[in-house]
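Got a predicted model here, sequence first, then my questions.
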Amino acid sequence: MYLQLVEVSLLVAAVGVLAFIIFFLARRQPPPPPEGVRYEGMRFTPGEQEIVKQLGELKERLDKVIPPYGRVGYIPSSLEELKDLLGFTYVKLGEKELGEKPVFVNRYEDLDVELLQAKHGDLYIYVVKRGGKKLVAAGTQHLDYLTLRFLGEFLDYT
């Protein structure tokens with residue numbers, strides 16, 4: 001009986017020490033993160049950091065290839081939506097004008113062209129003519145060829 005009491009006492013002591021160790025480890029502060037990339041509390045190994053870097057570069061390339069209207073997944077139904085979507089500071093379609101008209105837009109607007117993309121200072125000027133409708137726009141963002149084609153298609157259904 002005496003040996004059983006010693007064994008039970010040792011077992012209780014071992015469980016107590018184990019509970020103390022678990023309690024101590026749970027309260028301990030995590031070590032400071034090493035230098036490197038962090039994403040919402042996650043640490044990455046150097047290999048993972050390289051993958052994240054390459055994914056960022058791939059995203060930048062896709063942003064350049066995919067036109068802005070393709071990124072948001074809808075086609076604007078009004079001139080206001082088109083202005084907001086493509087970041088224009090000035091847009092004119094027929095008699096409707098939105099934004100402040102830059103003074104030098106008149107010289108481009110008067111040209112008889114189907115499609116014009118010009119840069120004047122920091123602004124890009126776009127003139128798209130299709131089916132008797134003419135869109136004149138100015139903005140700081142350079143538009144790719146697919147987006148310029150989209151502007152022509154926009155004129156078809158407005």
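Thanks, I have the structure now.

Going by C-alpha atoms from here, please, whenever you check contacts or count neighbours.
OK.

Flag the helix or strand of the chain with the lowest per-element mean pLDDT.
Using mean pLDDT, DSSP states H and E, the weakest-scoring helix or strand in the chain turns out to be strand 38-39, at a mean of 54.

And the pLDDT at residue 129?
Note on residue 129: pLDDT of 90.

how about the strands in this protein?
Along the chain, counting by DSSP state E, strands occupy 38-39, 42-43, 88-93, 96-99, 115-120, 123-130, 133-139.

can you redo those as CSV with mean neighbour count?
Converted to CSV, the strands of the chain look like this (neighbours: other Cα atoms under 10 Å):
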stretch, mean neighbour count
strand 38-39, 10
strand 42-43, 12
strand 88-93, 20
strand 96-99, 14
strand 115-120, 14
strand 123-130, 21
strand 133-139, 21
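
Let's have the ones you listed in TSV, adding distance to residue 24.
What follows is the strands of the chain, written out as TSV (distance: least, Cα to Cα, whole Å):
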stretch	distance to residue 24
strand 38-39	27
strand 42-43	24
strand 88-93	60
strand 96-99	64
strand 115-120	66
strand 123-130	63
strand 133-139	61
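
Confidence-wise, which of those strands is weakest overall?
strand 38-39 (a mean of 54).
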